[in-house]
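Enquirer: What shape does this take:
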Amino acid sequence: MGALVKATLFLIDVLFSLYILAVLLRFLFQVVRADFYNPFSQALVRITNPTLLPVRRMIPGLYGVDMAAVVLLLILECLKNYLLLLIVGRMPNVLGLLVYSGAELIKLTIYLFIVTIFARVILSWFAPYGYQNPMVGLLRSLTEPLLRPARRLIPPIAGLDLSPIAVFIFLYLALIIRDELMRGLAPVLLG
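Expert: Predicted coordinates:
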């Protein structure tokens, strides 16, 4: 594989992945009802509106879930994977591409939660008493739905909140299960 092909694969992967991450963050912020007027939230809205608004006109929400964002995430991930496979000379089947792209979105979501919980833990060491940075509020909004149930199961021990460790274990188990399922299915799905 030549350098030009590698560079093209890299650029497609990075550009699509960054935009998919922006749409995913916007979707997750809506799900957890994070502060819409936060500067970072508003930046995500401006970045994602050009692609999300046309999809939203065709696909309504369902029980308060922005289905247009979910469909857009799946379309973008499918397009990214299709282009990457096409460049390397492989032609996937449609069902395989959909399943693989959905699994990749699940993987991205798991990694996003791992990184945000880790960031929240690190920030708690330096600013344990409610540091008022707008990003800290978004981190709290995003991670609290996962940490709250774990806190109920594992109370603080000697003032230490061990709930992030329980959530990390759960997320890594989910990642292992997802990876094992895809390892068996990928050859069949992607041709």
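
Enquirer: mind showing which ranges of the chain have poor pLDDT?
Expert: Within the chain, the segments meeting pLDDT under 70 span 1, 127-131, 186, 188-191.

Enquirer: now do 90
Expert: Along the chain, segments meeting pLDDT under 90 span 1-3, 36, 60-65, 85, 88-97, 99-100, 122-137, 154-161, 181-191.

Enquirer: helices or strands up against the lengthiest helix in it?
Expert: Under DSSP state H, the helix in the chain containing the largest number of residues is helix 94-126. Using 3 or more Cβ pairs under 8 Å, 6 or more residues apart in numbering; DSSP states H and E as the contact test, the elements touching helix 94-126 are helix 3-31, helix 67-87, helix 134-153, helix 163-189. For the C-beta atoms, the positions are set from N, CA and C on the backbone; glycine is no exception.

Enquirer: any idea how far R120 is from N38?
Expert: 16 Å (Cβ to Cβ, to the nearest Å).

Enquirer: Now do the buried residues in the longest helix of the chain.
Expert: By 16 or more other Cβ atoms under 10 Å, the buried positions in helix 94-126 come out as 96-101, 103-105, 108-110, 112-114, 116-117, 120-121, 123.

Enquirer: So which of the helices and strands packed on helix 94-126 is the most surrounded?
Expert: helix 67-87 (a mean of 18; mean count of other Cβ atoms under 10 Å).

Enquirer: Any chance you could list what contacts stretch 108-118?
Expert: Stretch 108-118 is contacted from outside by 17, 20-21, 24-25, 28, 139, 142-143, 146-147, 164, 167-168, 171-172, 174-175, 178, using Cβ atoms under 8 Å, 6 or more residues apart in numbering.

Enquirer: Swap in 7 Å and give it another go.
Expert: Around stretch 108-118, the neighbours that count as contacts under Cβ atoms under 7 Å, 6 or more residues apart in numbering are 20, 24, 139, 142-143, 146, 164, 167-168, 171, 174-175.

Enquirer: Right, I'll call it a day here.
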